[in-house]
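Student: Coordinates only, no sequence provided:
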């Protein structure tokens, strides 16, 4: 069966224009750039317009060619004002129906004409599809709707039509024709699939309605001389034919439901409309004008379709009349009383944005030809967006810094990780690797494998040895030949001996061999060193690649300390709290310490991930460029810049959420750390050791000497007190926080490095010991220093001798410091005698050692001060070690201990260390 003919819209034609000259002039005058840099882009645009003029109308290639040129026009319009005042180009187009010439300088006229041709190509492509198979039906159905969508775009965006084919009335009629034909194609598909008759009736009714609207528009355009009359005849035939089909299918539905009278009335109406369609088709001309895009057999195909439908309707009408007269006897209602057939729209205009749905638009339109040119307005908006990005980075960086500071403050308050080292019996002095060590690790990681280097050296050595051997053999052969010839010809052989001539060459070979052997010995030594330290090199390589240089350095330091401690520590035989067995079912102290360390590792991991996320965020923000988006939306974002900026900044939301999650994890881990560490400090084994420290049996080690600090201008009856011992660089285990405390405030507990309260501090003079500075001129005729005698162990005046070497039985060292105040002449011998006796480890008769200082013990070994110079240097380097509020008698030791300082809960930790 021959398929029903369809209407296709003719294309507009245009004259040739030149884009190159006007564009180059505008680039030079407005942007101040060299126009020759864009010569290729201008030529490409010119070539696209030439190709568009010859675009075919029966394939998708013609559609894509038109769409490619239109896409470049849209991008061009964002950078160049093409009009009569700026880039003046006359665009000449001929009317698609009347062929009248129209010229304008407006780029909008050029774009509207291109869109018209795109719509025309889509309608032609749909009309020429073979609808005998399903793929052809779908293609025709889609392209008729797409054509209607492009025509709709013209009516919505181009209000002032310079030609009749672009007028709103003409375009509206073309929309109705394309939608009606799409609805008809869909109906053909449903009829072929034998869908329900009621559905077919509604689809046919909608198609007839659309054709009826097209008849009204076509009649108006025919009267104006725009459309050919054959278009009007064709849409009239289709309107009557589809209306008849709607009544026919609805009559069949009524007959199925037993409404025979109504069915007969609808069939009579269908017969009337079918005969009208047949009369219009019979009057269709045999030769159609070329501008109508209709073939010569269009009239014959329409007449055949209408006649066939008239016969079908009449046959069904006779059948129902016969059944009603003999069986049902239903009254046939009047035509005016019949209810209209319902409508079911199945076609709608496809928007331009969905024309290439699921396809790569960039592949069709090509790259932006003038992407290197950025308008000034876009540059200003890009600067505003950069400021918004900077605000985002500043806000996130501030949050990260606050989180890092909070973590550092909390760990500093808890004295972690130093407090764990105290509990484990060691000492902790955080030593960070210097830049040399970091550079060594990086060099080892980035360097070529030493094995391959030695292999290359071996290969090169073999090559050189082989070359030297070959040269030596050649010299020997040459000398042998020379001597043979001499023996043969005797006096007639006048050539000098070869050995004399080649002596220099043989010497060079000998030197080369010696240098090679020396280099080989050096390589062997290096290879031995490499094998000896291969494990260390591998650790450095892995640490640099994994970012664990600090951890590697710390492990090496701890390993060295442990070896040194096991070899020379005088406290190595003392029991450790972690080794004690309390026979309790709970976790051991070691397990609790490991739990705290695990939480600290999680905290450090969160910090590292947070810093890396911030780094990634900064990198993405730095690489973010929305200039193209601003250019594409330049006409639509006026007064909506902030909304666009916020929408674009949302792309960084995932990284911001990761930073927020890291902060939340840190808060959770800090609570876990506080709980775990508090549980550790409250452990019975730790508290038992603290409470029993006062009842421990006396140690066989000598009692440490008291510290003789004297407040200036203090009387002899001043209360003796120990100075604070938290020198800078040492750590102390904090007391466990009270159960009711829920937060930690750093300002209530100063850090270890914070200076003491200096409100009542009175600066001392530069010479606090009452002794003049050492003057070499007073002790000899020459100002330079003289060599001391072999038995002298201290330097300076005899009265200020530092402590002598301790006896072999002494295993602890107290802090011995000189008093701050000046000595009177009467007290000097006594002080000297006392310090001398203390240096020998002897206690004066009746001496009672003072109680230990309040607070936890220092982490590192006891510090010993030797002589005046060392104490003065300590006072200068660490002002916090000078305590003017401490009062000491000038006698060097107190007369009695203070009762309020007898039970220090941390005194027992001395036994752990």
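Tutor: All right, it came through fine. These numbers come from a predicted model, not from an experiment.
Student: residue ranges with poor pLDDT in the stretch 351-500 of the chain?
Tutor: Applying pLDDT under 70 to the stretch 351-500 of the chain flags residues 357-360, 425-432.
Student: and with 90 instead?
Tutor: In the predicted model, the stretch 351-500 of the chain carries pLDDT under 90 at residues 351-385, 414-462, 475-500.
Student: Please pull out the lowest mean pLDDT helix or strand from the protein.
Tutor: helix 828-839 (a mean of 42; mean pLDDT, DSSP states H and E).
Student: Helices of the stretch 251-400 of the chain, start to end?
Tutor: Ranges of helices in the stretch 251-400 of the chain, per DSSP state H, counting those that start in this stretch, are 260-282, 298-323, 361-365, 376-413.
Student: actually the stretch 601-750 of the chain, not the one I wrote
Tutor: Counting by DSSP H, counting those that start in this stretch, the helices of the stretch 601-750 of the chain are 627-632, 641-649, 653-681, 684-691.
Student: Output the ones you listed as a markdown table; include the columns mean pLDDT, mean neighbour count and distance to residue 540.
Tutor: Where C-beta positions appear, they are placed from N, C-alpha and C, glycine not excepted. Formatted as a markdown table, the helices of the stretch 601-750 of the chain follow (pLDDT from 0 to 100; neighbours: other Cβ atoms under 10 Å; distance: least, Cβ to Cβ, whole Å):
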| stretch | mean pLDDT | mean neighbour count | distance to residue 540 |
| --- | --- | --- | --- |
| helix 627-632 | 77 | 18 | 46 |
| helix 641-649 | 85 | 14 | 43 |
| helix 653-681 | 93 | 16 | 30 |
| helix 684-691 | 66 | 16 | 38 |
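Student: who wins for proximity to residue 269 among the ones you listed?
Tutor: When the helices of the stretch 601-750 of the chain are compared by Cβ to Cβ, helix 627-632 sits nearest residue 269, at 54.5 Å.
Student: got a list of contacts for that closest one?
Tutor: Here helix 627-632 makes contact (Cβ atoms under 8 Å, 6 or more residues apart in numbering) with 75, 78-79, 368, 371, 374-375, 378-379, 381-382, 385, 637, 644, 648.
Student: just to revisit the earlier point, so of the helices of the stretch 251-400 of the chain, which one's packed in deepest?
Tutor: Across the helices of the stretch 251-400 of the chain, averaging neighbours per residue (mean count of other Cβ atoms under 10 Å) puts helix 260-282 on top, at a mean of 22.
Student: That helix to helix 298-323, inter-axis angle?
Tutor: 160 degrees (axes from the mean of the first three to the mean of the last three Cα atoms, to 10 degrees).
Student: Give me the helices and strands touching helix 260-282, please.
Tutor: helix 229-256, helix 298-323 (3 or more Cβ pairs under 8 Å, 6 or more residues apart in numbering; DSSP states H and E).
Student: Mean pLDDT for those - can I get that in TSV?
Tutor: Formatted as TSV, these follow (pLDDT from 0 to 100):
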stretch	mean pLDDT
helix 229-256	94
helix 298-323	91
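Student: Of all the ones you listed, which one comes closest to residue 85?
Tutor: Between these, helix 229-256 lies closest to residue 85; by Cβ to Cβ that is 40.3 Å.
Student: residues of that closest one that come out buried?
Tutor: Within helix 229-256, the residues scored as buried using 16 or more other Cβ atoms under 10 Å are 230-255.
Student: still on that earlier bit, JSON lines for the helices of the stretch 601-750 of the chain, including distance to residue 32?
Tutor: JSON lines is the format used below for the helices of the stretch 601-750 of the chain (distance: least, Cβ to Cβ, whole Å):
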{"stretch": "helix 627-632", "distance to residue 32": "19"}
{"stretch": "helix 641-649", "distance to residue 32": "26"}
{"stretch": "helix 653-681", "distance to residue 32": "39"}
{"stretch": "helix 684-691", "distance to residue 32": "78"}
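Student: coming back round to it: mind putting the helices and strands packed on helix 260-282 in TSV, distance to residue 60 included?
Tutor: Written out in TSV, the entries for the helices and strands packed on helix 260-282 read as follows (distance: least, Cβ to Cβ, whole Å):
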stretch	distance to residue 60
helix 229-256	25
helix 298-323	25
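Student: Specify the stretch among the ones you listed that is closest to residue 393.
Tutor: helix 229-256 (63.5 Å).
Student: Determine the set of other helices and strands touching that closest one.
Tutor: helix 168-192, helix 197-223, helix 260-282, helix 298-323.
Student: average pLDDT for the one helix or strand residue 520 maps to?
Tutor: Per DSSP states H and E: residue 520 is located in helix 503-532. Computed over helix 503-532, the mean pLDDT rounds to 89.
Student: which helices and strands does it pack with?
Tutor: When contacts are defined as 3+ Cβ pairs under 8 Å, 6+ apart, helix 503-532 sits against helix 450-489.
Student: Toward the C-terminus from the helix it packs on, list the very next helix or strand.
Tutor: Downstream of helix 450-489, the next assigned helix or strand under DSSP H and E is helix 498-501.
Student: Show me what that next one is packed against.
Tutor: Against helix 498-501 (3+ Cβ pairs under 8 Å, 6+ apart) you get helix 450-489.
Student: tell me which residues in the helix it packs on are buried?
Tutor: Counting neighbours by 16+ other Cβ under 10 Å, helix 450-489 gives 468, 475, 479, 482, 486 as buried.
Student: Which segments of this protein make up each domain?
Tutor: Annotated domains of the chain cover 195-342, 376-557+588-693 [the TED database].
Student: Quick one: end-to-end distance for the shortest one.
Tutor: Going back to what we said before, that points to domain 195-342. 16 Å (Cα to Cα, to the nearest Å).
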